[in-house]
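> no sequence for this one, just the structure:
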């Protein structure tokens, strides 16, 4: 069989990039096999033949990790096939979704499903890069209406170095102190998606990196355009969901002079009630105007379009926001810590109607999460979980596990805080931070960052600096001015209708010295670096204001941990003696845990020992036991322990778990001893001096300390 393979190759970041189109997955509207190094993905896209009833564009994007891609049989003992997507896979799927979605016509009602399957992962080349460009090409060469292509890349900067790294090989950044590490994507001319994790990165350095990323994206889009020109299909003429001219006129006539009064109020609940009432009256009006019932399904969309136009016009022409704030003005801020005495750390952060309650729990090293995915296997000591219950927006919904949104928001807040955490050597605890969103009206993820920072400090976690976050918005006039530039206004602290009807959601988190995390999403084709630069500058002003409020509540981490937090003691032992502490089948270590009452004893391969205990007393006992097992005893050291065995010529004394020595019969007391059990018996507790230590064997003397003492 002839698969009719056509391969298109280019070089990017010093490595060969190949996109292959063939009869593979030939029943999809578009299919591309992308290869970068030895990382290979299959991107497919399918469009349904008929419109789906509803008032939204039904696009789904899935990113499928396959364990065979890394040559491993992963999973639990009883389940060896791939199941629920890992958080990392969900985030990769969101990355692709957020890049391609803005380039679809929102009036489409055909179901479209984009699936990226990772077929091979070489451990060096990031699958996100090849996944996005493969997905873009599959869409672009298909008959599905779409305004791409797009592309993206990873870009990183090591602190102290000028050079930017494009698509660095995985592992080259390990043990490096990064200023930032980002994935940037967009069209030939504009950026439309960013995921950045930084370490107090300088705003101007970030802008410079985005400018360079845009140049590289342009090259990748140009490469795809050549493929499209050669093999691209003619785009299908798909029926779009459009209302009649009469319905549009009726809606606009009714809403004239009513919409602003309903929407431009500062209180979210009042605004929600006003808009709900206005929509109800609109529907009643439209029914009296002889509009057919099936046309009324467009009424809500037309209402949203009118709202969108109103908010854009008011902000662009009058700098007038729905709640009356200035463009760079924050909503009212409030913060509080130490809300629950039994918890290890707690904080509440409020910005307007958005409320985040952050709760910190400390655990031992044994509480670390074991992570096993296609790309990573190891332990995770900082866990941030974000919960968004339906009551936070006044709704009733089933409470299930975290969805894509919760995973994405939690990952963003985790990035923002990860850079200020102490090292495990400085603070050996496992840290779990949970954000409960109690009320939401714009940027609950950034409220999570603020509340989370305060909660960590309240728990006594010695973070380097407090971190705050803010969500920035944008309103753009789609009609260019006479000098071919677009008028735009940047908004600080977006909420409600600004978030819903605005052109971008640009979240920025950081310290007073720089940026720790960025997440950018747009509803338009993209934004320019000029817009990015202004947004970052305005976000910094807001961030400093928020930090000032937070610092008044708690300027630094508490010096003492909560009395309800576990106590962790650490020591280092010779790695070759780890077996002595563990004992055969774990006998020794389990005995120490049972007799001292500690929670756990965790030993790393390098000899680091972490003792987690409910209090200092039990922890100290276990510490001394471990220390005594691994101690290199010297002649003249004094030890004490129980007699565990009698021999004809002496007695065996266990003076530490797994450590014993022999007292020769001549070293029990001064004078002649005929029978050893006349002087000493099994179970007696004695003190003795070490008189011989050779090749791990210990010789003891009781008489060297005087008469034998026993319980």
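Looks like it came in fine. Computed from a prediction, not measured in an experiment: that's the story for all the values here.
> In terms of residue numbering, what are the domains of the protein?
6-166+200-231, 245-318, 333-553, 567-630, 638-705 (automatic domain parsing).
> now the helices for this structure?
Here the chain has its helices, by DSSP state H, at 87-100, 127-141, 203-231, 245-255, 259-263, 268-288, 299-318, 404-418, 444-458, 496-501, 529-553, 578-582, 587-596, 616-630.
> right, so these: which one is the most enclosed?
Highest mean neighbour count of those: helix 444-458, a mean of 30 (counted as mean count of other C-beta atoms under 10 Å). Placement of C-beta: from N, CA and C, glycine included.
> got the contact list for the longest strand anywhere in the chain?
Taking DSSP state E as the criterion, the chain has its longest strand at strand 39-51. Under the criterion C-beta atoms under 8 Å, 6 or more residues apart in numbering, residues 24-25, 28-34, 109-122, 124-127, 130-131, 134-135, 137-139, 142-144, 236, 239, 241 lie in contact with strand 39-51.
> are any of those buried, and which?
Among the contacts of strand 39-51, those classed as buried by 16 or more other C-beta atoms under 10 Å are 25, 28-34, 109-121, 125-127, 130-131, 134-135, 137-139, 142, 144, 241.
> List the beta-bridge partners for residue 383.
Applying DSSP bridges to residue 383 yields these beta-bridge partners: residue 432.
> what residues are up against it?
Here residue 383 is in contact with 369, 430-433 (criterion: C-beta under 8 Å, 6+ apart).
> Tabulate those residues (a markdown table), appending distance to residue 300.
Formatted as a markdown table, the contacts of residue 383 follow (distance: C-beta to C-beta, whole Å):
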| residue | distance to residue 300 |
| --- | --- |
| 369 | 43 |
| 430 | 47 |
| 431 | 44 |
| 432 | 41 |
| 433 | 38 |
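> quick one: residue 212 and residue 104, what's the gap?
Between residue 212 and residue 104 the distance is 28 Å, computed by C-beta to C-beta, to the nearest Å.
> returning to what we had before: compare the helices of the chain and report which one is nearest to residue 3.
helix 203-231 (14.3 Å; C-beta to C-beta).
> quick one: low-confidence parts of the protein?
Residue ranges of the chain with pLDDT under 70: 76, 291, 294-295, 480-484, 657-658, 707-711.
> In it, which residue is most central in space?
Using C-alpha atoms, centre = their mean, the residue of the chain that lies closest to the mean C-alpha position is residue 411, 2.1 Å off.
> Compute the distance between the residue nearest to residue 255 when sequence neighbours are not counted and residue 107, please.
Spatial nearest neighbour of residue 255, chain neighbours left out: residue 306 (5.1 Å); criterion: C-beta to C-beta, 6 or more residues apart in numbering. From residue 306 across to residue 107, the span is 16 Å (C-beta to C-beta).
> number of nearby residues for residue 53?
Residue 53 has 9 neighbours, counted by other C-beta atoms under 10 Å.
> Contact partners for the nearest residue to it once chain neighbours are set aside?
In space, and not counting its chain neighbours, residue 53 is closest to residue 109: 7.8 Å by C-beta to C-beta, 6+ apart. Shown in contact with residue 109 (C-beta under 8 Å, 6+ apart): 51-54, 57-58, 239-241.
> CSV for those, including distance to residue 516?
Below are the contacts of residue 109 laid out as CSV (distance: C-beta to C-beta, whole Å):
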residue, distance to residue 516
51, 44
52, 41
53, 44
54, 39
57, 33
58, 36
239, 46
240, 42
241, 41
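> what's the closest of those residues to residue 476?
Distances from residue 476 to the contacts of residue 109, taken by C-beta to C-beta, are shortest for residue 57, at 20.7 Å.
> about what we covered before: could the helices of the chain be laid out in TSV, adding distance to residue 168?
Shown next, in TSV, are these (distance: least, C-beta to C-beta, whole Å):
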stretch	distance to residue 168
helix 87-100	17
helix 127-141	11
helix 203-231	13
helix 245-255	51
helix 259-263	47
helix 268-288	44
helix 299-318	40
helix 404-418	18
helix 444-458	26
helix 496-501	34
helix 529-553	22
helix 578-582	35
helix 587-596	41
helix 616-630	41
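> among those helices, which is nearest residue 571?
helix 616-630 (6.3 Å).
> Give me the contacts around the closest one.
Helix 616-630 is contacted by residues 567-569, 571, 573-574, 577, 580-581, 588, 592-593, 596-598, 601, 609, 611-613, 655-659 when judged by C-beta under 8 Å, 6+ apart.
> Check stretch 340-348 too.
By C-beta under 8 Å, 6+ apart, stretch 340-348 touches 334-339, 355-362, 451-461, 554, 561-562, 564-565.
> at 6 Å instead, please
By C-beta atoms under 6 Å, 6 or more residues apart in numbering, the residues outside stretch 340-348 that reach it are 336-337, 339, 357-362, 451, 454-455, 458-459, 562, 564-565.
> Counting neighbours, what do you get for residue 669?
Neighbours around residue 669, by other C-beta under 10 Å: 15.
> ok, the closest residue to residue 289 other than its chain neighbours to residue 573 distance?
Nearest-residue entry for residue 289: residue 250, 5.0 Å, with adjacent residues in sequence omitted and distances by C-beta to C-beta, 6+ apart. Distance of residue 250 to residue 573, given as C-beta to C-beta: 81 Å.
> Bridged to residue 196, which residues?
As for beta bridges, residue 196 partners with residue 182, residue 518 under DSSP bridges.
> Could you pull up phi and psi at the closest residue in space to residue 218 that isn't next to it in sequence?
Leaving aside its sequence neighbours, residue 218 sits nearest to residue 188 (C-beta to C-beta, 6+ apart; 5.2 Å). Backbone torsions of residue 188, given as degrees, to the nearest 10, read phi -60, psi -30.
> you'd agree residue 188 is up against residue 220?
No: judged on C-beta atoms under 6 Å, residue 188 makes no contact with residue 220 at a distance of 9.1 Å.
> correct me, but the residue nearest to residue 289 touches residue 290?
No: using C-beta under 6 Å, residue 250 makes no contact with residue 290, being 9.4 Å away.
> show me what contacts the residue nearest to the centre of the chain?
Residue 411 is in contact with residue 91, counting by C-beta under 6 Å, 6+ apart.
> ok, now how distant is it from residue 670?
Relative to residue 670, and taking C-beta to C-beta, residue 411 is found at 73 Å.
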